[in-house]
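Colleague: Fold the following.
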Amino acid sequence: MRTCSFPVKSLGSVLPAAPDASLLSAWIVSRYGQETDLITWNIETTLKDQLPAVEYPAAGGEYYAARLLDAFTNVREGAIFREFDVDQKAVRADSDLVNGLRKHCWWSMPAPSGLDVRDEYFGDTEECAASLLEAFASLCRLMRDAGIAGHILTTNTPNEEELTEFTGKKYLWAVPDTFLEMALEYQRDIVISRENTAQLPDLLDSYDIRRVYVCDPDAESLTTVLGSFDPEYVFVCGVGPKEDRRSYWEHLAEITVKRDP
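Modeller: Next up, the predicted model:
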């Protein structure tokens, strides 16, 4: 029997638990003279917890929505009140921080449809959406120009406009399983839950799938995937939890499957 292990790809992390006050104070002192806030702490802490075990780490997560909305200076308390204008300073500082910890790191953040914004300026749904996509794309380009390898985009309700705009090898969509077929119209890599890996043979009948990222897998779900894919195209993935992130990532890295050679 051959033992198969699988590379770990991070899909980012949830908002971590609030840090101890004394630890945070010491960290703030260490960041003297640099762009720093609690989001900076969250980025650094969650990324460092990945580095021992995760082959393909990703900074950020859904909590990074707060930074994106701050960068959109025309958004106030979730309301779009004038034309989009992007303040790049903090996002660039975040990218530089991550590059100092891990070169060519990926970045996870909500897709435009995952941002809690509403239009109080354009008065036209399509014009507003197009402007949001353009502003969002400018930040993605900024981050890649600063050394970020690519973006993992998360949302519960993707739409065709953003899937069309953010496609190619620099993007990976992580969407609910109910939207997998929609995502596969635009990308060849798939993020799938362990509960739905049995769906892969049916998807392969209709779509050309290159890589499979199984979220929070067990040996049984990975064995199912290996029935349709060679091991080199199979990855394990997950989202770092609020606490005990290091042990979470280590557990994912230790998952193996025995199969006939």
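Colleague: For this protein, just list every one of the strands.
Modeller: Under the criterion DSSP state E, strands of the chain are mapped to 2-5, 8-13, 58-60, 75-76, 79-80, 106-110, 118-119, 150-154, 171-174, 189-193, 211-215, 234-240, 256-259.
Colleague: Could you please name the strands the third one pairs with and the direction of each pair?
Modeller: Partner strands for strand 58-60, per DSSP bridges, with pairing direction: strand 106-110 (parallel).
Colleague: Can you point out the buried residues in the partner strand?
Modeller: Buried residues in strand 106-110, counted by 16 or more other Cβ atoms under 10 Å: W106, W107, S108, M109, P110. The C-beta positions use only the backbone N, C-alpha and C, and glycine is treated the same way.
Colleague: re the thing from before, do you know which of the strands of the chain lies nearest R92?
Modeller: strand 106-110 (12.6 Å; Cβ to Cβ).
Colleague: Let me know the closest of the buried residues of strand 106-110 to V75.
Modeller: For these, the nearest to V75 is P110 (13.5 Å; Cβ to Cβ).
Colleague: K242 is in contact with P16, isn't it?
Modeller: Yes - using Cβ atoms under 8 Å, K242 is in contact with P16, at 6.0 Å.
Colleague: Would you format the strands of the chain as JSON lines with distance to L180 and mean pLDDT included?
Modeller: Shown next, in JSON lines, are the strands of the chain (distance: least, Cβ to Cβ, whole Å; pLDDT from 0 to 100):
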{"stretch": "strand 2-5", "distance to L180": "24", "mean pLDDT": "91"}
{"stretch": "strand 8-13", "distance to L180": "15", "mean pLDDT": "98"}
{"stretch": "strand 58-60", "distance to L180": "20", "mean pLDDT": "98"}
{"stretch": "strand 75-76", "distance to L180": "30", "mean pLDDT": "95"}
{"stretch": "strand 79-80", "distance to L180": "30", "mean pLDDT": "96"}
{"stretch": "strand 106-110", "distance to L180": "18", "mean pLDDT": "98"}
{"stretch": "strand 118-119", "distance to L180": "28", "mean pLDDT": "96"}
{"stretch": "strand 150-154", "distance to L180": "14", "mean pLDDT": "98"}
{"stretch": "strand 171-174", "distance to L180": "9", "mean pLDDT": "98"}
{"stretch": "strand 189-193", "distance to L180": "6", "mean pLDDT": "98"}
{"stretch": "strand 211-215", "distance to L180": "11", "mean pLDDT": "98"}
{"stretch": "strand 234-240", "distance to L180": "14", "mean pLDDT": "98"}
{"stretch": "strand 256-259", "distance to L180": "22", "mean pLDDT": "88"}
